[in-house]
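> I'll drop the sequence and a predicted model, then ask my questions.
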Amino acid sequence: ADVAMPRDVRLVDVDPYATDAFPRPEGDENVPSTSSSSSSRATLCSFNVGLRGLKNLCERRADATSACADQHGVRRALGYGSLDAFLRALGDVDVVCVQETKLTKLDVASVGRVEDAWDSAHSVCDAKGKDSYAGVAIYWRTSRLRPVAIEEGVCGSRRGRVDDKTASRLVFAVGEDAPFAHDFARQKELDSEGRALWVDFGTFVLCTVYVPAVFGDATMDEKVAERALFKADFLSALATRYQALIKRGRHVVLCGDWNIAPCAQRDRAGVPSSVPTSVNPSREWLHEQLDSHLTDVFRAAHPHVNHAFTCWNVASGAQLNNYGSRIDYFLMNDAFVKYVRAVGVAQSHHGSDHAPVFCSFSRDAWPMFDASQPTPALACSMLYPGRQSKVDEIFSLASGNGREPDYLAAPLRAKASASSVKAPAKRKAPPEKSIRDFFAVKNPNPPLEVSPITTQTPSTKQSPASTAKKATDQHAMSAEDARSAWSNTFAKMAPPKCRGHNEPCKIRTVKQKDNPNFGKCSSAALGQLVRARIVSATVGFSNGETVEKFRCGDAARCDEM
């Protein structure tokens, strides 16, 4: 049976758009709408793009706009070509919530923002072994909105980068119990798949969710039972999170892919109203929230509309007969419903196995744009402040296909004609030096030689080049001398000569085998190698000073000296 709406919930209809449950996105794909009806309200859009993922939808495909028809005769667009085109195709909306983006942290840098138009926040999956899985994102127009704070997850375990000034707007206050506060491992597990993202816009807090799906019988399959418990814990943490914000007096808007049909008969195809349905724990959880804190905005606006499905099995062609389920919708606290002006499902919009859902508010409930408001740290404009240049852009100017950089603009250069500018003369590279030049002995101050002036005939006159070559050859070494000098560089140094007899000194080595310096010249026996320290007893050294002398083989003769 349907869940009864709370008595204090009112939906104010101000234009015919609010009565249309199946609207098309307003505005042209290239020109945003400027109608008076759209300017008097602000619009949210929620879109699950999990059929192909956000990156594939934004890819640019050359020479192709749509794929071949499938077995059901359906042609689908290969991609919008860019993130800007994907967002513009949704019409004149202010905020776009995207689920199942299937992005990695590296992908966010390329599809995270549109320069001077859109900014965004992302929560990607970092669970082990689940790359390009799940993930949610929220895009907002930078000319109309500026968020106050951003936070990921339902348990608050991803608070690694939150501004101190804005953290108190979303994190749990004193006296509030965080979900699974005594089980941090479970907190990280619930937040690891990137299934929830909170953005505080000042007048309300927006949360987009991608609730886990469970397929199979939990009583028969252990993995299904484990996944069902994961979904139950996720929903429990989500309820704790948004209820804490409502108790603070904040307005909360929740949207996304819930993977829960609110009513088993009206929101699912092929289920007769006379047939009782089995107990679904997730649907029971949703009924508890609708009975106490939240409102299903679509059902409040269109209580008698059936077949407002948002998801189909496109592999079987179920969208052709509208055989699906309504699992994408907006939930918000009862006090904020009075600001809703329109809500609908754009079933004719292509690009995914889900349809985008829209919800418009009056401008009274929309935050005023404040340029002085600092951008939260988790916004893509803060995480990725610039755009990395590509290789083809670097070489585009050299090939003549690119635009000249600003720093090479004509006003910054001297305007001179090609005829008036002479090309600088090329410098001749100095000749490469050889090993002979390294050993050549050159006199830095050669003496001046005065030669008598002689008369030279044209046949005997020498050119300056030949004179310089002759002067260079005079200082150059012969090949044998160069070879000998190079060999002597690595030769063993000869011992010094005795000062008394001018004879080579003897080289003494350590011969004690138990000595660690055996076979070497010991530092303690340095005097035995090339010199000896002799305590002088001669006149002039009576004070006991030491003098160093070299000794040859005849030590007695040296000592006598």
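In hand now; what should we look at?
> Show residues contacting the lengthiest strand in the chain.
The single longest strand within the chain, with elements called by DSSP state E, is strand 41-48. By C-beta atoms under 8 Å, 6 or more residues apart in numbering, the list of residues contacting strand 41-48 from outside reads 90-100, 144, 206, 208, 210, 253, 255-257, 311, 328, 330, 341-342, 352-354, 356-363, 365-366. For the C-beta atoms, the positions are set from N, CA and C on the backbone; glycine is no exception.
> Please indicate which of those are buried?
90-100, 206, 208, 210, 253, 255-257, 311, 328, 330, 341-342, 352-354, 356-361, 365-366 (16 or more other C-beta atoms under 10 Å).
> coming back round to it: what average pLDDT does the longest strand of the chain get?
Across strand 41-48, the average pLDDT comes to 93.
> Stretch 93-109 too?
The model assigns stretch 93-109 a mean pLDDT of 93.
> Restricting to C-alpha, output it in CSV.
The C-alpha trace of stretch 93-109 is given here as CSV (Å, rounded to 0.1, in the frame of the first residue of the first chain):
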residue,chain,number,x,y,z
VAL,A,93,19.6,23.7,-14.4
ASP,A,94,21.6,25.1,-11.5
VAL,A,95,22.8,21.9,-9.9
VAL,A,96,23.4,18.4,-11.4
CYS,A,97,23.8,15.3,-9.2
VAL,A,98,25.4,12.4,-10.9
GLN,A,99,25.5,8.8,-9.6
GLU,A,100,27.6,5.8,-10.7
THR,A,101,30.2,8.0,-12.3
LYS,A,102,32.8,5.1,-12.4
LEU,A,103,35.7,7.5,-12.2
THR,A,104,39.1,7.2,-10.7
LYS,A,105,41.0,10.0,-8.9
LEU,A,106,43.0,10.6,-12.1
ASP,A,107,39.8,10.8,-14.2
VAL,A,108,38.3,13.6,-11.9
ALA,A,109,41.0,16.0,-13.1
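> Next, the contact list for residue 356, please.
25, 45-47, 90, 345-346, 349.
> sorry, back to before: if we go by neighbour counts, what in the longest strand of the chain is buried?
Quick answer for strand 41-48 (16+ other C-beta under 10 Å): 41-48.
> OK, contacts around residue 142?
116-119, 381.
> and if we set it to 10 Å?
Neighbouring residues of residue 142 by C-beta atoms under 10 Å, 6 or more residues apart in numbering: 113-120, 369, 375, 379, 381.
> likewise residue 214?
Here residue 214 is in contact with 224-232, 259, 280-282 (C-beta under 10 Å, 6+ apart).
> and with 6 Å instead?
227-228, 231 (C-beta atoms under 6 Å, 6 or more residues apart in numbering).
> Including secondary structure, could the residues you listed go into CSV?
Formatted as CSV, the contacts of residue 214 follow (DSSP: H, G, I helix; E, B strand; the rest coil):
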residue, secondary structure
227, helix
228, helix
231, helix
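> from these, which single one is nearest residue 500?
Checking the contacts of residue 214 against residue 500 by C-beta to C-beta gives residue 227 as the nearest, at 100.0 Å.
> just the helices in the stretch 151-300 of the chain please.
Secondary structure of the stretch 151-300 of the chain (DSSP state H, counting those that start in this stretch): helices at 164-167, 184-191, 222-247, 281-292, 297-301.
> most tightly surrounded among those helices?
Compared across the helices of the stretch 151-300 of the chain, helix 297-301 shows the largest average neighbour count, a mean of 22 (mean count of other C-beta atoms under 10 Å).
> give me every residue that touches the closest residue in space to residue 153 that isn't next to it in sequence.
For residue 153, ignoring the flanking residues on the chain, the nearest one in space by C-beta to C-beta, 6 or more residues apart in numbering is residue 191 at 3.2 Å. By C-beta under 6 Å, 6+ apart, residue 191 lies in contact with 153, 155, 157-158.
> I'd like to know how far residue 191 sits from residue 361.
To residue 361, residue 191 is 29 Å away according to C-beta to C-beta, to the nearest Å.
> what about stretch 191-205, average pLDDT?
94.
> Quick one: end-to-end distance for that stretch.
Using C-alpha to C-alpha, to the nearest Å, the gap from the first to the last residue of stretch 191-205 comes to 19 Å.
> Likewise for stretch 356-366?
With C-alpha to C-alpha, one end of stretch 356-366 sits 21 Å from the other.
> and what of stretch 48-58?
By C-alpha to C-alpha, the extent of stretch 48-58 from end to end equals 14 Å.
> Likewise for stretch 244-252?
First-to-last distance for stretch 244-252 - C-alpha to C-alpha - comes to 10 Å.
> model confidence over it, on average?
So the average pLDDT for stretch 244-252 ends up being 94.
> show me where pLDDT drops low in the stretch 401-550 of the chain?
Across the stretch 401-550 of the chain, residues meeting the criterion (pLDDT under 70) sit at 401-427, 429, 441-477, 521-550.
> how about the strands in the stretch 101-250 of the chain?
In the stretch 101-250 of the chain, the strands defined using DSSP state E, counting those that start in this stretch lie at 118-123, 136-141, 149-152, 196-200, 205-210.
> Neighbouring strands - and their directions - for the fourth one?
This points to strand 196-200. Strand 196-200 sits in its sheet next to strand 149-152 (antiparallel), strand 205-210 (antiparallel), going by DSSP bridges.
> partners of the longest strand of the chain, with directions?
Using DSSP bridges, the strands paired with strand 41-48 are strand 95-99 (parallel), strand 357-362 (antiparallel).
> Including distance to residue 58, could those go into TSV?
Formatted as TSV, the strands paired with strand 41-48 follow (distance: least, C-beta to C-beta, whole Å):
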stretch	distance to residue 58
strand 95-99	11
strand 357-362	20
